[in-house]
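Participant: Sharing a model prediction with you, sequence too.
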Amino acid sequence: MSFINLKDKIVQVKIVYYGPGRCGKTTNLEYINRTYSKQIASEMVSLKTHGDRTLFFDFLPFDMGQIKGYDIKIQLYTVPGQVKYNATRKLVLRGVDGIVFVADAMEKQREKNIRSLNQLHENLQSYKESIFRIPLVMQYNKVDLKEHGIPILPTMVLEKDLNSRLKVPYFEASAITGYNVAATLKKIISSSVISIQKKLL
Amino acid sequence: MNYGIVSQEQLEQIDRILAEKLIKLGVDCVIIIDMAGNIITAKDNGESKYDVYSFAALAAGNFATVDAMAKLVGEQEFSLLFHKGQESNIHFSKIDDELLLISMFGRDISLGFLRLNVVDVIEKIRKVWDRK
């Protein structure tokens, strides 16, 4: 539920990065924070454990400029990826406008991606939202590992596993080097803003 | 999902209530947020410089966590939350299922006095909100 302030002409859009543990959700936000620091007025908030794992969420707000006279404030969140934290994952999804599903392209993570996506489906249902309706972008992260000789899943396999029914836009990416991080972000912002416009008209 | 749209007139009324009832009293900053972490409105005394957007995200998370804890001990909810510091304090109060009122204040206001006023403010805001 994005909130639209008619008095100050501000639209707040909530975008959540979702995915299995250690897939690179926080790394995506860290890269965005570094690269677009001019547009980001406040500091990135990270609630993490001593072992540097996300405990509750990361939060990064930034201004996208104006559309039809309205200031668009994008609020990026990540969820904690670890299996045991589903209760907090659910809390972060409350009122979400758009989701980036970050999948780990490493071969050994194949099962975890599928399980995480299924859980996203269930979690959205608990808010009477549907994974088939909400703006969603797939990001197949860690493609750079191929160069280091680590076996990664071909995009075709990831598409078949995760995106055969959803048929949403997808990007191969490397959050650590920044490859396609901005492309993913631009796509989810435009899908989310279009979806909000449609609902309002 | 329902989209939260409040009319300009309603927001102005709410802002006026906050200014008259809380800011005038000496509260540094008042924010109304929804449970998704969006800011509905924020008012301050002109001196405090808080990062209200990050604050809203954390406050919504904090309140949701406390709500989950309440259910674990068999309570419907903990509708009020208070954090005390050396120089500043934060008071959270639920307006309804969707909205939260957060007041940040210093040492010169007593908690009891603030709570009395917050109750009054919430009642008035509910009336404005119901007209939606």
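Facilitator: In hand now; what should we look at?

Participant: looking only at pLDDT, what's the mean for stretch A:146-158?
Facilitator: Across stretch A:146-158, pLDDT averages out at 96.

Participant: What residues does chain A have near chain B?
Facilitator: Counting by C-beta under 8 Å from any C-beta of the partner chain, chain A comes close to chain B at A:1-7, A:12, A:14, A:41-43, A:45, A:47, A:56-57, A:59, A:61, A:73, A:75, A:77, A:87-88, A:91-92, A:94-96, A:127-129, A:196, A:199-200. Where C-beta positions appear, they are placed from N, C-alpha and C, glycine not excepted.

Participant: Residue of chain B nearest chain A, please.
Facilitator: residue B:36 (2.5 Å; C-beta to the nearest C-beta).

Participant: Helix, strand or coil: sort out the residue in chain A that chain B sits nearest to for me.
Facilitator: In chain A, the residue that lies nearest chain B is residue A:95 (2.5 Å; C-beta to the nearest C-beta). What DSSP: H, G, I helix; E, B strand; the rest coil gives for residue A:95 is coil.

Participant: On the pLDDT front, check the nearest residue to it once chain neighbours are set aside for me.
Facilitator: Of all residues not flanking residue A:95 in the chain, residue B:36 sits nearest, at 2.5 Å (C-beta to C-beta, 6 or more residues apart in numbering or on different chains). pLDDT for residue B:36: 87.

Participant: Is it correct that residue B:36 falls within a strand?
Facilitator: No: checked against three-state DSSP, residue B:36 lies outside a strand; its state is coil.

Participant: tell me the mean pLDDT for the lengthiest helix in chain A?
Facilitator: Criterion DSSP state H: the longest helix present in chain A is helix A:181-200. Mean pLDDT, helix A:181-200: 93.

Participant: Same question for stretch B:6-25.
Facilitator: Rounded mean pLDDT across stretch B:6-25 is 91.

Participant: Now the phi/psi pair for the residue of chain B closest to chain A, please.
Facilitator: Dihedral pair for residue B:36: phi -90, psi 0, per degrees, to the nearest 10.

Participant: Quick check: the gap between it and residue B:61.
Facilitator: 10 Å (C-beta to C-beta, to the nearest Å).

Participant: Looking only at neighbour counts, state which of these two leads.
Facilitator: Neighbour comparison, residue B:36 and residue B:61: the larger count goes to residue B:36, with 27 against 22 (by other C-beta atoms under 10 Å in any protein chain shown).

Participant: rewinding a little: and the gap between the residue of chain B closest to chain A and residue B:64?
Facilitator: 10 Å.

Participant: and if you look at residue A:104?
Facilitator: Taken as C-beta to C-beta, the span from residue A:104 to residue B:64 is 27 Å.
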